[in-house]
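Asker: 3D, please:
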Amino acid sequence: MANWQEMMPSTRAYLMDKVLYELHHKPDHLEAYRQDADAYLARFRLPPDLARCIKENDVAEMYLSGVNPYLLRAHCIGVKIPEDVSLAALRSLLDNEDYNNG
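Answerer: Numbers count the residues shown, from 1 in each chain. The predicted structure follows:
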């Protein structure tokens, strides 16, 4: 199962990687996100669907958007998404006919 829909990561994937990298690797960013996720995400000018999947911790959608798997894992740990929940979200993609046939 590949998370990129294109041969090369898209601009959308880059944006997601940038947000997740800064969120979990720069001092005080995670705290700023926890205090006001909308304000934190607004500085990146993400398309609404990408901002939503970060705010809602939609692991499967983040993966499909092309997020680097290591940054996705760091996000899951940083915002305390239980491992069984994040793995179940990823495994759900294996059962998704639209994804598998796309």
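Asker: where does this protein have low pLDDT?
Answerer: 1-7, 96-102 (pLDDT under 70).
Asker: would you mind measuring from the spatially most central residue of the chain to residue 22?
Answerer: Geometric centre of the chain, nearest residue: residue 62, 3.4 Å, by C-alpha atoms, centre = their mean. Remark: distance between residue 62 and residue 22 (C-beta to C-beta, to the nearest Å) = 15 Å. For glycine as for every other residue, the C-beta is placed from the backbone atoms N, C-alpha and C.
Asker: for the helix ranked longest in the chain, name the packing helices and strands.
Answerer: Taking DSSP state H as the criterion, the chain has its longest helix at helix 11-25. Packing partners of helix 11-25 (3 or more C-beta pairs under 8 Å, 6 or more residues apart in numbering; DSSP states H and E): helix 29-35, helix 48-55, helix 69-78.
Asker: can you rerun that using 6 Å?
Answerer: helix 29-35, helix 69-78 (3 or more C-beta pairs under 6 Å, 6 or more residues apart in numbering; DSSP states H and E).
Asker: need the ones you listed in TSV (columns: distance to residue 89 and mean neighbour count).
Answerer: Shown next, in TSV, are those (distance: least, C-beta to C-beta, whole Å; neighbours: other C-beta atoms under 10 Å):
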stretch	distance to residue 89	mean neighbour count
helix 29-35	20	14
helix 69-78	9	17
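Asker: between the ones you listed, which one is closest to residue 13.
Answerer: Among those, helix 69-78 comes nearest to residue 13, with 10.2 Å by C-beta to C-beta.
Asker: quick one: closest of the helices and strands packed on helix 11-25 to residue 10.
Answerer: When the helices and strands packed on helix 11-25 are compared (using C-beta to C-beta), the closest one is helix 69-78, at 15.1 Å.
Asker: just the angle for the closest one relative to helix 11-25, thanks.
Answerer: Between the axes of helix 69-78 and helix 11-25, defined by axes from the mean of the first three to the mean of the last three C-alpha atoms, to 10 degrees, the angle is 40 degrees.
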